[in-house]
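Asks: model the following, please.
(one chain, ligands or ions: 1)
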Amino acid sequence: MTMDTVITGARVVTPGGIVNADVGIATGRIASMALPGTLTDATETIDAAGLTLVPGFIDVHSHHREPGFTHKEDIASATAACAAGGVTTTFAMPNVYPPPNTVDVLDDMFRLYERSAVVNWNVNPAGTILEEIPKLARRGIAAFKVFMVVDTGRDYPHMPGIGVHDHGRLLAIMEACAAAGVPLMVHPHDQALMDHIEQGFWDRGERDALAYAKAYAAHDGLIWDSAIGTLLRMQAATGVHLHLLHVQTAGSIDMIRRAKARGQHVTAEINPWALFLGHKWENIERLGSYALSYWVPEQHTPHLWEGLRDGTVDVISTDHAPHTREEKEVGWEDGWKAHTGTPSTQFYARMMFDAAHRGELRLERVVELCATAPARRFHLDGKGEIAIGADADLVLVDTERTTTITDDEVLSKIGYTPYAGQTYTGLPVRTLVAGKTVFHDGVVTGAPGGGTQSRRRSTT
Ligand SMILES: [Zn+2]
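Replies: Got it, this is the predicted structure:
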């Protein structure tokens with residue numbers, strides 16, 4: 001059989017381990033895996049000697065800003081950044097305008113992705129309208145999303161239509177998601193505790209980005225742990241697949257570990273900013289709001305890595321959240337006015353391969369966290385692994401190449417990255433989506449509209 005493409009000479013990370021193999025691709029899928037040098041009949045041959053072939057990263061949590069906030073980012077720019085960063089599937093979050101909390105709005109968003117996405121995609125709609133949940137669930141979505149946070153002092157990124165902090169309503173949403181057989185992703189937050197904590201800072205005249213960082217981390221992560229304790233208890237009551245977003249405290253890791261030991265259907269993610277940016281106070285001092293997503297005080301960090309190693313945490317997703325310089329600059333005066341969130345989709349693969357290079361995680365575990373587990377936990381058949389029959393969403397990585405991130409490389413519309421100046425070993429050099437090269441030699445070659453929806457297999 002003539003292959004469309006053969007990737008030859010690479011070290012291949014498979015679910016069964018790391019092997020040296022030629023990988024043959026036909027009609028967008030992996031059609032053959034064979035001993036090195038034995039697959040020769042192909043239209044295109046990619047010589048990958050010295051490189052490592054991994055499944056494309058699957059990011060289940062990303063903010064693409066379209067529609068409504070395209071001055072920050074749009075689907076074309078976000079997914080171009082994905083291609084350059086080795087991300088072959090990216091899931092959008094619902095804090096866009098109008099927010100996708102009805103089937104009509106979601107379908108309109110799907111049309112935007114069909115037109116503009118360079119890589120594969122899906123959308124996590126807001127599960128805030130109960131009667132829409134069963135209808136939205138039939139659109140091949142992977143999960144619903146709810147924010148427990150409502151912004152104070154600004155109206156973005158956590159605006160009306162996507163937030164729920166009333167526990168009764170949240171319980172009803174969990175029941176509806178459980179009945180629909182679709183996971184619920186939650187941004188954990190305890191609004192009543194936060195109201196009190198931030199009032200204390202404001203009363204003392206502390207309003208800058210550093211105060212904001214301290215407020216969210218107050219009392220050793222009280223707002224996070226309180227929310228996660230409540231969510232886990234409600235999960236037990238409803239049986240919903242609960243996916244906890246941006247886990248960042250030792251206390252939360254401990255609670256999730258125990259919930260899993262009890263057999264609860266809970267999964268969790270950690271984001272790159274918690275491990276590589278917000279984990280150092282010096283970054284917060286130097287960059288202010290530019291470094292905030294959130295501050296993760298150093299006593300928590302070893303627990304996050306341990307959670308990643310021992311399986312308490314299932315996935316790494318980015319929480320890619322671009323905001324303009326203007327929207328960040330205001331944070332030096334008032335951290336509550338600056339928009340929260342940091343971009344990362346283009347660069348987190350470098351960070352994760354660097355973690356493997358340093359021995360913090362095994363390479364196989366990095367692949368599991370960033371590709372295999374997201375596919376399995378969210379039932380994306382054919383994704384997240386290198387195996388015969390799987391989709392040929394693939395990334396070639398130079399695991400020995402050391403690079404320093406610069407603003408010049410940034411493909412996000414905002415044109416900067418808070419990771420500028422950071423040096424990592426491990427670089428995605430080529431990305432394929434459905435067997436077609438979408439990024440190579442520093443250039444995005446994939447066209448808008450080249451991606452397809454990564455649909456969840458129905459489990460009901
Ligand atoms: Zn987010």
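Asks: which residues touch residue 310?
Replies: residue 257 (Cβ atoms under 8 Å, 6 or more residues apart in numbering). In this view, the C-beta of every residue, glycine as well, is placed from N, C-alpha and C.
Asks: which pLDDT value goes with it?
Replies: With respect to pLDDT, residue 310 scores 98.
Asks: quick one: it from residue 232, how far?
Replies: Distance, residue 310 to residue 232, using Cβ to Cβ, to the nearest Å: 18 Å.
Asks: find the residue closest to the residue most central in space within the chain in space, skipping its chain neighbours.
Replies: For the chain, the residue nearest the mean C-alpha position is residue 317 (2.5 Å; Cα atoms, centre = their mean). Leaving out its chain neighbours, the residue that sits closest to residue 317 by Cβ to Cβ, 6 or more residues apart in numbering is residue 61, at 3.9 Å.
Asks: so that neighbour, which state does it fall into?
Replies: Under DSSP: H, G, I helix; E, B strand; the rest coil, residue 61 falls in the strand class.
Asks: pretty sure residue 181 sits against residue 138.
Replies: No - in terms of Cβ atoms under 8 Å, residue 181 does not count as a neighbour of residue 138; the distance is 10.2 Å.
Asks: more neighbours, these two?
Replies: residue 181 (15 against 12; other Cβ atoms under 10 Å).
Asks: follow-up on the earlier one: now do the residue nearest to residue 317: how many residues are near it, please.
Replies: Neighbour count for residue 61, taken as other Cβ under 10 Å: 26.
Asks: could you chop the chain up by domain?
Replies: 3-53+389-444, 57-377 (automatic domain parsing).
Asks: with distance to residue 451 as added columns, please give these in a markdown table.
Replies: Converted to a markdown table, the domains of the chain look like this (distance: least, Cβ to Cβ, whole Å):
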| stretch | distance to residue 451 |
| --- | --- |
| domain 3-53+389-444 | 6 |
| domain 57-377 | 4 |
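Asks: out of those, deepest packed?
Replies: domain 57-377 (a mean of 21; mean count of other Cβ atoms under 10 Å).
Asks: and the end-to-end length of it?
Replies: End-to-end distance for domain 57-377: 14 Å, by Cα to Cα, to the nearest Å.
Asks: now do that domain: distance to the chain's middle.
Replies: Averaging C-alpha positions (Cα atoms, centre = their mean, to the nearest Å) puts domain 57-377 8 Å from its chain's average.
Asks: so is residue 304 in a helix, a strand, or just coil?
Replies: Secondary structure, three-state DSSP: residue 304 is helix.
Asks: for it, which non-adjacent residue is spatially closest?
Replies: residue 270 (5.5 Å).
Asks: look at the one you found and report its pLDDT.
Replies: Looking at residue 270, the pLDDT reads 98.
Asks: looking at the domains of the chain, spot the one closest to residue 457.
Replies: Closest to residue 457 of these, according to Cβ to Cβ: domain 57-377, at 9.0 Å.
Asks: strands of the stretch 51-200 of the chain, start to end?
Replies: Along the stretch 51-200 of the chain, the stretches classed as strands by DSSP state E, counting those that start in this stretch are 52-55, 57-62, 87-92, 120-123, 144-147, 184-187.
Asks: can you redo these as a markdown table with distance to residue 213 and mean pLDDT?
Replies: Output for those, formatted as a markdown table (distance: least, Cβ to Cβ, whole Å; pLDDT from 0 to 100):
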| stretch | distance to residue 213 | mean pLDDT |
| --- | --- | --- |
| strand 52-55 | 34 | 98 |
| strand 57-62 | 21 | 98 |
| strand 87-92 | 27 | 98 |
| strand 120-123 | 30 | 98 |
| strand 144-147 | 19 | 94 |
| strand 184-187 | 17 | 97 |
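Asks: in CSV, list those along with distance to residue 396.
Replies: Formatted as CSV, the strands of the stretch 51-200 of the chain follow (distance: least, Cβ to Cβ, whole Å):
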stretch, distance to residue 396
strand 52-55, 6
strand 57-62, 13
strand 87-92, 12
strand 120-123, 18
strand 144-147, 32
strand 184-187, 30
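Asks: of all these, which lies closest to residue 323?
Replies: Taking these one by one with Cβ to Cβ, strand 57-62 is closest: 13.9 Å.
Asks: now the closest residue to residue 15 other than its chain neighbours: how far from residue 225?
Replies: In this structure, residue 15 finds its nearest non-sequential neighbour in residue 385, 5.1 Å apart by Cβ to Cβ, 6+ apart. Using Cβ to Cβ, residue 385 is found at 34 Å from residue 225.
Asks: thought residue 62 was touching residue 92?
Replies: Yes - applying Cβ under 8 Å, one finds residue 62 in contact with residue 92, separated by 6.2 Å.
Asks: could you pull up phi and psi at residue 450?
Replies: phi -80, psi -10 (degrees, to the nearest 10).
Asks: residues in contact with it?
Replies: Residues in contact with residue 450 (Cβ under 8 Å, 6+ apart) are 117-119, 433, 436, 438.
Asks: out of the residues you listed, which is nearest to residue 453?
Replies: The closest of those, once distances to residue 453 are taken by Cβ to Cβ, is residue 117, at 8.9 Å.
Asks: contacting residues for the nearest residue in space to that closest one that is not next to it in sequence?
Replies: Closest residue to residue 117 apart from its sequence neighbours, by Cβ to Cβ, 6+ apart: residue 451 at 3.7 Å. Residues in contact with residue 451 (Cβ under 8 Å, 6+ apart) are 79, 113, 117-121, 433.
Asks: now the helices: where do they sit in the stretch 101-250 of the chain?
Replies: Here the stretch 101-250 of the chain has its helices, by DSSP state H, counting those that start in this stretch, at 103-116, 133-137, 167-180, 191-203, 209-216, 218-238, 250-261.
Asks: quick one: the fourth one to helix 218-238, angle?
Replies: Computed with axes from the mean of the first three to the mean of the last three Cα atoms, to 10 degrees, the direction of helix 191-203 lies at 170 degrees from that of helix 218-238.
Asks: on that earlier part again, which among the helices of the stretch 101-250 of the chain is found nearest to residue 19?
Replies: Closest of the helices of the stretch 101-250 of the chain to residue 19 is helix 250-261, at 30.5 Å (criterion: Cβ to Cβ).
Asks: can I get the CA coordinates of the closest one in PDB?
Replies: The C-alpha coordinates for helix 250-261 follow below in PDB (Å, rounded to 0.1, in the frame of the first residue of the first chain):
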ATOM      1  CA  ALA A 250      -1.700  21.500  48.100                       C
ATOM      2  CA  GLY A 251      -5.000  21.300  49.900                       C
ATOM      3  CA  SER A 252      -6.900  20.800  46.600                       C
ATOM      4  CA  ILE A 253      -4.500  18.100  45.500                       C
ATOM      5  CA  ASP A 254      -5.000  16.300  48.700                       C
ATOM      6  CA  MET A 255      -8.800  16.500  48.400                       C
ATOM      7  CA  ILE A 256      -8.800  15.300  44.800                       C
ATOM      8  CA  ARG A 257      -6.500  12.400  45.700                       C
ATOM      9  CA  ARG A 258      -8.900  11.300  48.400                       C
ATOM     10  CA  ALA A 259     -11.900  11.700  46.200                       C
ATOM     11  CA  LYS A 260     -10.300   9.600  43.500                       C
ATOM     12  CA  ALA A 261      -9.400   6.900  46.100                       C
END
